[in-house]
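# Below is the sequence, then the predicted model.
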Amino acid sequence: MPTKKFKPTTPSRRHMSVPTFEEITKSTPEKSLVVIKKKHAGRNSYGRITVRHKGGGNKIKYRIIDFKRANTAPATVVGIEYDPNRTAYIALLQNDEGDKSYIIAPVGLTAGDKVYTGADADIKPGNTLPIENIPVGTFIHNIELYPGKGAQLARAAGVAAQLISKENGVAQVRLPSGEVRYIRLECKATIGQVGNIEHDTVKIGKAGKKRHMGIRPTVRGSVMNPCDHPHGGGEGKSPIGRPSPVTPWGKPALGYKTRNKKARTDKFIVKRRNAK
């Protein structure tokens with residue numbers, strides 16, 4: 001997916017780049033697979049802000065993605081679409097019975113291609129198989145953590161995991177973060193790399209575009225008052241007055257491990273993503 005740059009007619013246009021959307025072949029979503037997505041602006045059921053910097057943004061509808069791939073009937077790719085809810089593009093499938101569904105579009109999948117699900121499917125982009133039927137060394141995405149629950153890992157634009165080994169009922173998979181993890185052989189995964197590879201090269205260019213995404217401004221704690229942030233207060237530019245930066249609630253902000261030290265799933269992690 002190449003990106004398009006603009007002439008610097010304004011300061012915001014000078015560095016802005018946008019996708020060319022060459023992979024997109026279908027402009028309108030399938031009505032039967034779209035639901036209303038209500039906005040909450042980061043507020044919980046009591047109306048209190050629990051997630052900061054949320055609000056506004058364009059109206060969007062949620063596309064229902066088939067992460068389970070439970071229907072084993074062969075399907076044809078009707079088209080590739082843009083999805084405002086994720087960085088990856090999505091592909092609309094239709095099987096011989098007329099049933100339609102959305103999947104994450106991998107690299108190389110185009111309109112008219114056939115997609116298969118099942119243990120005997122070919123090792124081609126878009127096909128979904130149990131991990132026990134996938135050759136070692138294959139690049140995969142849309143990986144289940146629990147059999148039948150649906151894909152949870154490697155779903156963002158341009159990412160892919162690699163199947164390293166299989167033994168004793170589990171497989172070792174190297175995730176896009178670099179973490180190596182045990183995953184049960186009955187779990188499904190999809191062959192190939194997620195599409196929209198050059199998503200990370202897009203430059204937003206202006207603050208207004210962030211507002212269109214529903215992201216409100218982030219204010220530094222050092223410019224707040226002491227009652228609003230631990231870094232606030234003082235005359236002029238003041239140091240934060242602590243050994244390390246903290247959140248507005250006094251928790252360490254940089255390098256602080258938030259994972260539960262007794263997490264039940266620790267036994268499935270072979271190598272941490274930040275291991276030296």
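Perfect, thanks for sending it. Numbers count the residues shown, from 1 in each chain.
# Any idea how many residues pack against the residue lying closest to residue 120 once chain neighbours are set aside?
Spatially, and ignoring its direct neighbours in sequence, residue 120 is nearest to residue 133 (7.7 Å; CB to CB, 6 or more residues apart in numbering). Every C-beta, even on glycine, is put in place using the N, C-alpha and C of the backbone. Residue 133 has 14 neighbours, counted by other CB atoms under 10 Å.
# same deal with residue 141?
When counting by other CB under 10 Å, one arrives at 26 neighbours for residue 141.
# Check the gap between it and residue 161 for me.
6 Å (CB to CB, to the nearest Å).
# residues shared between the contacts of the two?
Here residue 141 and residue 161 have 153, 154, 189 as joint contacts, going by CB atoms under 8 Å, 6 or more residues apart in numbering.
# Just the buried ones among those, please.
Buried members of the shared contacts of residue 141 and residue 161, scored by 16 or more other CB atoms under 10 Å, are 153, 154, 189.
# Out of the residues you listed, the closest to residue 147 would be?
Distance to residue 147 across these (CB to CB) is lowest for residue 189, with 11.4 Å.
# so that closest one is in which element?
Taking DSSP states H and E as the definition, one finds residue 189 inside strand 188-191.
# so how far is that strand from its chain's centroid?
16 Å (CA atoms, centre = their mean, to the nearest Å).
# Then stretch 90-104?
Mean-position distance between stretch 90-104 and its chain equals 21 Å (CA atoms, centre = their mean).
# gap between the two ends of that stretch?
Counting by CA to CA, to the nearest Å, you get 5 Å between the two ends of stretch 90-104.
# Which of the residues in it are classified as buried?
Buried residues in stretch 90-104, defined by neighbour count with 16+ other CB under 10 Å: 90, 91, 92, 93, 101, 102, 103, 104.
# Columns secondary structure, distance to residue 180 and pLDDT on top of those residues, output as JSON lines?
Formatted as JSON lines, those follow (DSSP: H, G, I helix; E, B strand; the rest coil; distance: CB to CB, whole Å; pLDDT from 0 to 100):
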{"residue": "90", "secondary structure": "strand", "distance to residue 180": "29", "pLDDT": "96"}
{"residue": "91", "secondary structure": "strand", "distance to residue 180": "29", "pLDDT": "96"}
{"residue": "92", "secondary structure": "strand", "distance to residue 180": "34", "pLDDT": "96"}
{"residue": "93", "secondary structure": "strand", "distance to residue 180": "32", "pLDDT": "95"}
{"residue": "101", "secondary structure": "strand", "distance to residue 180": "31", "pLDDT": "95"}
{"residue": "102", "secondary structure": "strand", "distance to residue 180": "30", "pLDDT": "96"}
{"residue": "103", "secondary structure": "strand", "distance to residue 180": "26", "pLDDT": "96"}
{"residue": "104", "secondary structure": "strand", "distance to residue 180": "23", "pLDDT": "96"}
